[in-house]
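Novice: Everything below, folded, please.
(chains A, B and C, ligands or ions: 3)
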Amino acid sequence: MIKVTIDGRDVELEHPVTVLEAARKAGIEIPTLCYFEGLSPFGGCRLCLVEVEKLPKLQTSCTLMTADGMVVRTETEQIRAARRSMLEFLLINHPLDCPYCDKAGECELQDLVARYGPEAGRFAEGKRRHPESFDDPIIVRNMERCVLCTRCIRMCSELQASYSISVTGRGSHSFVEPFSGGRYDCEYCGNCLTVCPVGAIMSRLHRHSYRPWFVEKETETVCGFCGVGCSMVLQMRENSIIRAIPRRGVGFNEGLLCARGRFGYEYVEGGEELTTPLMRVDGELRQVSWEEALSFTARRLGEIRDEFGGGAVGAVASGRCTNEDNYMLQKLMRFVIGSNNIDSAARNYYAPAQIYLERIFGQGITANLIPGIANSDGVFVAGGDPTAINPILGLKIRAVWRSGGRVVVLGVPGGLKRFVPYELIPVPYSEEIVLSAIVGRLLERKPPGGANAALEAKLRDLRIPSDDELGSTGVSPEDVARVSEDLSSMSTPVVVIGPDMVQRRRASKSLFLLGAIAYLTNARIFLLADRPNYQGLLDMGCLPELLPGGRPVELEMFRHKAEEALGMKVPEQRGLNLFEMIDGAESGRLKALYVMGENPVFNLPDGVRVEKALGSLDLLVVQDVHLTETARLADVVLPATAWPEKEGTYTNLERRLQRVRKARRGKMASYGREDWRILADIAGRLGMTKTYQRVEDVWEEVMHVSALHTGLGYEEMDGGRALWPYYGEPLRGMEGDFTVEGLDGLPEVPAPERPYLMIERPLYHSGTFSRRSKALLAIQPGPYLKMNPELARRHGLTGGDKARISNGRGVLELEVRLDDDMPDNQVHVANTFEGFAAMRLAGFGTDPVTGALYMDDNTVRVEKVLR
Amino acid sequence: MERFLLKNIDSPDSAGIGEYLRTGGYASLKKAFGMEPADIIAEVKAAGLRGRGGAGFPTGMKWDFASRDPKFPKYLICNADEGEPGTFKDRPILEKNPHLLIEGMVISAYALKSERGYIYLRGEYPHARAVLDKAIAEAYEAGFLGGDVAGSGFRFDLSVHQGAGAYICGEETALIDSIEGRRGQPRIKPPFPVNVGAWGKPTVVNNVETLANIPLIVSMGAGRYSEIGNPECPGPKLFSVSCCVERPGVYELPMGIPLREIIYEHAGGVRGGRELKAVIPGGISTPVLTPDVLDCPMDFVNLPKRGSMLGSGAVMVFDDTVCLVRVCWRAMRFFEHESCGKCTPCREGTGWMRNILERMEGGFGRDGDIELLQDIARSIMGKTFCPLGDGAAGVVLGFLRNFSDEFMYHITNKKCLAESG
Amino acid sequence: MDIMDEIRDLSRKYPDRRGALLPALYVVQKEAGWLSQEALDTVSRALNLPQATVKGVATFYAMYKHRPMGRHLIQLCTNVACMIMGAERLVDLISGRYGLEPGGTTDDGRFSLVIMECIGACDRAPAMLVDTDFHADLTADNIFEILEKYE
Ligand SMILES: Cc1cc2nc3c(=O)[nH]c(=O)nc-3n(C[C@H](O)[C@H](O)[C@H](O)COP(=O)(O)O)c2cc1C
Ligand code: SF4
Ligand code: FES
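Specialist: Ligands and ions are numbered 1, 2, ... in the order given. Modelled structure (predicted):
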């Protein structure tokens, strides 16, 4: 126990903290400028000076640690004079342009001067001049205003670990700059905007259009881009979002956001939102009234159900919609129409991987807390770049490195490049061999302990590749030895699994091997989620085989419980998954498809085939915010409200339930209706008697139907208590009856002549929503074809050239971008931009064991486009 | 006085290892290997050696702290940044007697159980760089550096790290940042380098001259060594004497020698027999003094009593032709240029003061400028992150305390009291 | 030895590669006399350090140049001792003769002039470095004799 006296008040401390922290704890305010909670102390601004007995000089309270018996004074004439002086110094080179500085009103310098500053400055010389920089599309820099607190630099290096800006120059000619001195070649997290106390680093979005005090309303919500689920505050003016900001103490993201979260909100105000329902009349989509659209939809669904049975109808739920929306779609399908044909794009990898891992280890195996990653001493990443797919999770991995832990990445490290001690990049589709070799080595170093008999039995059957057999993978036996040594030296490791480890043939084997690594090293598993509510889809029963609460529909006991709870019937057999529905549409077995918030034509492989299949349906209903590629094919299009206009909940990849809140409302909001409301309306027209007034009513039903969510209301979520395992025990334990395909064999490593087309998951875009955000477009305006310079050279290409990629499924023409870090014989394209659906060019199939999508035959011819 | 540190530097081969060995070089090293590391530290403590880099911190004490820290490896860094204007005392050791420094470093490293040393040499000394590289190569060749120093089994590697024009990198924590490849800005203390220094490990930073004293202490023993100079801070001291004297240069004299003797006996007195107007006793960062302090002993204890400091022992002599406003302005230009920019008062205040002095010197001084300058300097004093800012403030306060008339004259008459202005 | 190897070699003297940053900057500066963005980028790649970090460090130190320099770099000290001994007059003379202002480069690219803070030669003031050659006891009479030797 440390006792200090501050301004005559006794403060008792458990651990030594700085004098500043001790004072704040005691409610004593000390002005600061360079100090920022969560960043390392700097001690440069000299505003927090205090007197300490027995020390001759004034001390900076932000750097001085408390010691037992210390006597501190924070308000004396000497201190007040020092503060006045420091503020006078800060102002001498600071332009007094507050009238047109957007920071005015929330400027820390302005506030400090008002409170502690001199009445007048005595500086009568010329001020330092430095032109404002507009070189960047998003961030404007005014280094005349900079007070060199270095909060931005510390943010960028310590928390974001992007290291994109630094102080250049020296003394009073120090400026904060990116390397180029112009555009920020950075990750555009914008976290520097949060910490800049003055108007030196500012967002260009809504520049000069408002003052902080114009903010009329703030809405705390959860980001709608990825499965991390960062909390953010939407600041509203005249019903328009003027800023999305993170806030320390709100949510678990501790005041950090990524580029998408911070700048990407504009997609909902692009003016391209659907305003009325549309119906196909004489082959064309025409505007119709809600009544017309809804009654038509209900009538046609009813007719098809009655004529061909519920099984002729299918639905696609959405990882961007809330739990309530997805639950309602599931209810409409299962209980009203009588079809278990419901699935979503989580089929791509998330759902099958999750279910498969839960088969091996029991329910909730991936439900680990993101902030906890930072406490690990090692991370193993396979199957995707966490810093792009789930950026804030990625930051925690960087934090592991910063605190001395080890980061090992299987595959291209991407945003983790600076943090890996060595690279481990196998030839495409040989990862399984490398993983088997790693597991083989680990088994020698860490013999299994018997906790999971089924898994260990399978391990005994695993074929461990010889050093020679590693030859085709491009990874050496030494590398394998190094990885396994690193893995076995970790005491609290984390295994992060990304989509690329699932979207392949024999996904079961890759997942099994990753699971085995986690098992042998006693690691926690994280499954990356590139949509905000993938986990919610599973938990709400938007899967052909699972009811709400993750209970198998084919088990009578569970089915009965659900039927009892709702007083409605459910079909006994599991339904069709997403790809089976496409097959069904193709073969004519499926007659109607209800697509909510998803764009299969664009987001699924082999788009031509998907398009054709959807085109041959009797009824295609699309419910979405925009007229997407899929909506253009529909018979009915129902406009839905977007993320900032609805209430509901998301379940993130930790299985944390969080509330999404409505920020825009009233006449300025779009014309859409909430997804769950539209669905409930249709269900009502098809015979459902239950009615819902508010979204809470839907959630109450979820709590009633899903044992997983019992007793878990909005209040618990608001309190941050809605964390897996919520209440009580997981519902399903280890089942132990999993199969692994190809356990005792080793695959042939294909060596195609043409390069593989792989889907890039960029940091600045996500799916097809972000392409409507002006800010994200300013950062990354369009698609490009990424390849390494050597591959480009072989095709007679260089950066900036236009290249054509093609195969039997399609053709794309894209600008070439060279990237030294790209592996050979691969080209990457983001599946984001209109007219550039890279997925269309990939063939696909369904993995027989996990039911996951695998991409197949995805090589392309690459040629230069001659102008 | 007998020269120890600059012994033999008049010989044209003084920098070579052959000449050094011939005149008894590396004998202390061999003697040191017969002692326990702790005994060497005790000897240095007993000798009362105080750091020659400017602050005068007791060297033995610093070593003691570092050797008590259980962390390894430990680093030994020689501060050869010599950036303080007026100072050029380390230069003859670096250029003409490098093996004395190397010998001193090996002994120090042995005492500290350090296996890795760096000489942080200022970028402005390219010749010294060449000499040191050659001397280090010779020492490796002769087995005084490397895996098995002089057959003792002790390992010590040494190399030169060249600075690149930043005065602040003479400050030891900024120096460490600079060796680590960072912007050379001072670090928060505590922790001190002796515990958390280069790459987070215990690190001792000592000035060139300090380290050059070590072989001497080992060979003479603390007893005889401490008979040289002032008992409170004994030993030989290098004084660099410059500006208006007949014979500027580096003089090795006992610590505590009166200023008068340095100027009039060794440096040949004020040039052209002119009148002495002012003296800066320890480099530009130490406050200027008037001629009435000529009898003050030049050491770490007596100069502070007269309102200044020994600093690096750089004596700058100004005669009556020198415009002190101009000197003060030039000094401030230096501080403005060299301020690292980390802390507010130094970054902003030095430029402001330079601005005012520049105006004043150019004949545009205003009423109230002197009070304003004093006020700014007081606002800086004691509030900066590191001593550089304090130094800048101290210089202005020193000039204004002792020569305010001359500044006043500049303001009212728009021209200089002295001829040179 | 190619420049990347030379830089990586330097880093062996330090417990981590970042230590070699200052020496590496000297190595690349030797090539062209100044540090272009490409030169900084080379260092950044050789040492696997962020580009912004490299730039921040390179611009902190006065002896790294960020603009093309003349074939010869005159680094003339004008700090107190040199000033008193007439360095400022030498600056004027050099400006007059070559049309060269402090911080500038002659039109023919022969000289650049940089004003130095103390270069530790106060006993032989005024003094300068031309490239890495040291010259002291400069006077109006000998300065051009010295400079004219640099083509
Ligand atoms: C601004 C500043 C500049 C300094 N420059 C030097 C220098 O050039 N050479 C030096 O030896 N010490 C210099 N010092 C002192 C060092 O910080 C440190 O005290 C010294 O290297 C310790 O060595 P010593 O104990 O042997 O003197 C400087 C200190 C400050 C605050
Ligand atoms: S006083 Fe402050 S700004 Fe000046 S050199 Fe020291 S730390 Fe840097
Ligand atoms: S002042 Fe010029 S060398 Fe010292």
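Novice: okay, CA-based contacts and neighbour counts for the rest of this
Specialist: Fine.
Novice: and the lowest-mean-pLDDT helix or strand in chain C, what does it pack onto?
Specialist: Across the helices and strands of chain C, mean pLDDT, DSSP states H and E gives its lowest value to helix C:3-10, namely a mean of 92. The contact analysis (3 or more CA pairs under 8 Å, 6 or more residues apart in numbering or on different chains; DSSP states H and E) places helix C:3-10 against helix C:21-32, helix C:37-47.
Novice: quick one, longest helix in the chain?
Specialist: This is for chain A. helix A:290-308 (DSSP state H).
Novice: I was thinking of chain B, sorry if that wasn't clear
Specialist: Longest helix in chain B, counting by DSSP H: helix B:387-413.
Novice: So is it next to ligand 1?
Specialist: Yes - residues of helix B:387-413 are located near ligand 1 by CA under 6 Å from any ligand atom, namely B:387-388.
Novice: do that helix and ligand 2 meet at all?
Specialist: Yes - interface with ligand 2: helix B:387-413 contributes B:387-389 (CA under 6 Å from any ligand atom).
Novice: Which positions within that helix qualify as buried?
Specialist: For helix B:387-413, burial by neighbour count (16 or more other CA atoms under 10 Å in any protein chain shown) applies to B:387-400, B:403-404, B:406-411.
Novice: returning to what we had before: now the angle from the least confident helix or strand of chain C to helix C:37-47?
Specialist: Orientation check (axes from the mean of the first three to the mean of the last three CA atoms, to 10 degrees): helix C:3-10 against helix C:37-47 gives 50 degrees.
Novice: what is the orientation angle of helix C:3-10 with helix C:21-32?
Specialist: 150 degrees.
Novice: Not counting its own residues, what contacts helix C:3-10?
Specialist: Applying CA atoms under 8 Å, 6 or more residues apart in numbering or on different chains, the contact partners of helix C:3-10 are C:17, C:20, C:23-24, C:27-28, C:42-43, C:46-47.
Novice: Quick one: name the residues of chain C near ligand 3.
Specialist: Counting by CA under 6 Å from any ligand atom, chain C sits next to ligand 3 at C:77-82, C:118-122, C:125-127.
Novice: Same question for chain B.
Specialist: Chain B has residues B:85-86 near ligand 3, with proximity defined as CA under 6 Å from any ligand atom.
Novice: and residue A:337, how far is that from ligand 2?
Specialist: When CA to the nearest ligand atom, to the nearest Å is the yardstick, residue A:337 and ligand 2 sit 73 Å from each other.
Novice: Return the residues in contact with that residue.
Specialist: So residue A:337 contacts A:301-302, A:305, A:310, A:313, A:686 (CA under 8 Å, 6+ apart).
Novice: Show the model's pLDDT score for it.
Specialist: pLDDT, residue A:337: 97.
Novice: I'd say residue B:285 and residue B:394 touch.
Specialist: Yes - Residue B:285 is within contact range of residue B:394, at 7.3 Å (criterion: CA atoms under 8 Å).
Novice: I'd assumed residue A:442 was in contact with residue A:488.
Specialist: Yes - Residue A:488 is within contact range of residue A:442, at 6.9 Å (criterion: CA under 8 Å).
Novice: the more surrounded of the two?
Specialist: More crowded of residue A:488 and residue A:442, by other CA atoms under 10 Å in any protein chain shown: residue A:442, with 23 against 20.
Novice: Would you confirm that that one belongs to a helix?
Specialist: Yes - when DSSP: H, G, I helix; E, B strand; the rest coil is applied, residue A:442 is found to be in a helix.
Novice: In helices, which of the residues of chain C next to ligand 3 appear?
Specialist: Short answer: these in helices (DSSP H) are C:80-82.
Novice: What's the ChimeraX syntax to select whichever of those are buried?
Specialist: Selection of buried members from those for ChimeraX, criterion 16+ other CA under 10 Å:
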select /C:80,81,82
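Novice: burial count for the residue of the stretch 151-300 of chain A found nearest ligand 3?
Specialist: Going by CA to the nearest ligand atom, ligand 3 is nearest to residue A:171 of the stretch 151-300 of chain A, at 20.8 Å. Residue A:171 sits with 24 neighbouring residues when counted by other CA under 10 Å.
Novice: do you know how far it is from ligand 1?
Specialist: In terms of CA to the nearest ligand atom, residue A:171 sits 13 Å off from ligand 1.
Novice: how near is the residue of chain C found nearest ligand 1 to residue B:272?
Specialist: Evaluated by CA to the nearest ligand atom, chain C has residue C:120 as its residue closest to ligand 1, separated by 10.4 Å. In this view, residue C:120 and residue B:272 are 24 Å apart by CA to CA, to the nearest Å.
Novice: More neighbours: these two, which one.
Specialist: Higher neighbour count among residue C:120 and residue B:272: residue C:120, with 26 against 10, using other CA under 10 Å.
Novice: contacting residues for residue A:523?
Specialist: A:492-495, A:517.
Novice: which phi and psi does it have?
Specialist: As for residue A:523, its main-chain torsions (degrees, to the nearest 10) stand at phi -100, psi 160.
Novice: measure it to ligand 2 for me?
Specialist: Distance from residue A:523 to ligand 2, by CA to the nearest ligand atom: 44 Å.
Novice: Provide the strand pairings for the strand ranked longest in chain A, with the direction of each partner.
Specialist: Selection of the longest strand in chain A by residue count, based on DSSP state E, yields strand A:810-818. Paired neighbours of strand A:810-818 in the sheet (DSSP bridges): strand A:784-787 (parallel), strand A:802-807 (antiparallel).
Novice: How about the contacts made by residue A:132?
Specialist: With contact set as CA under 8 Å, 6+ apart, residue A:132 has these partners: A:140-144.
Novice: Skipping its backbone neighbours, what lies nearest residue B:223 in space?
Specialist: What sits nearest to residue B:223 in space, not counting adjacent residues and going by CA to CA, 6 or more residues apart in numbering or on different chains, is residue B:47, at 6.6 Å.
Novice: coming back round to it: quick check: which of the strands paired with strand A:810-818 is nearest to ligand 3?
Specialist: Closest of those to ligand 3 is strand A:784-787, at 54.9 Å (criterion: CA to the nearest ligand atom).
Novice: residues from the stretch 51-200 of chain B in reach of ligand 2?
Specialist: Contact residues, the stretch 51-200 of chain B versus ligand 2 (CA under 6 Å from any ligand atom): B:168, B:186.
Novice: coming back round to it: what residues are up against the nearest residue to the residue of the stretch 151-300 of chain A closest to ligand 3 once chain neighbours are set aside?
Specialist: Nearest non-adjacent residue to residue A:171, counting by CA to CA, 6+ apart: residue B:341, 3.5 Å away. Each residue near residue B:341 by CA under 8 Å, 6+ apart is listed here: A:148, A:170-174, B:347.
Novice: Could you tell me which of these belong to helices?
Specialist: Using DSSP H, the contacts of residue B:341 in helices are residue B:347.
Novice: What is the nearest of the contacts of residue B:341 to residue A:554?
Specialist: Relative to residue A:554, the closest of these is residue A:148; by CA to CA it sits at 64.1 Å.
Novice: I'd say that closest one and residue B:347 touch.
Specialist: No - between residue A:148 and residue B:347 there is no contact under CA under 8 Å: 9.8 Å.
Novice: for the helix or strand encompassing residue B:349, what is the average pLDDT?
Specialist: Assigned by DSSP states H and E, residue B:349 falls within helix B:344-361. Average pLDDT, helix B:344-361: 97.
Novice: Give me the below-cutoff pLDDT ranges for chain B.
Specialist: Low-confidence segments of chain B (pLDDT under 70): B:419-421.
Novice: Model confidence for residue A:720, exactly?
Specialist: With respect to pLDDT, residue A:720 scores 85.
Novice: Can you pull the residues of chain A lying near ligand 3?
Specialist: So chain A never meets ligand 3 (CA under 6 Å from any ligand atom).
Novice: ok, which stretches of chain C are strands?
Specialist: C:72-77, C:111-116, C:128-130, C:133-135.
Novice: okay, those in TSV with distance to residue A:655 and mean pLDDT next?
Specialist: Shown next, in TSV, are the strands of chain C (distance: least, CA to CA, whole Å; pLDDT from 0 to 100):
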stretch	distance to residue A:655	mean pLDDT
strand C:72-77	64	98
strand C:111-116	63	98
strand C:128-130	67	98
strand C:133-135	69	98
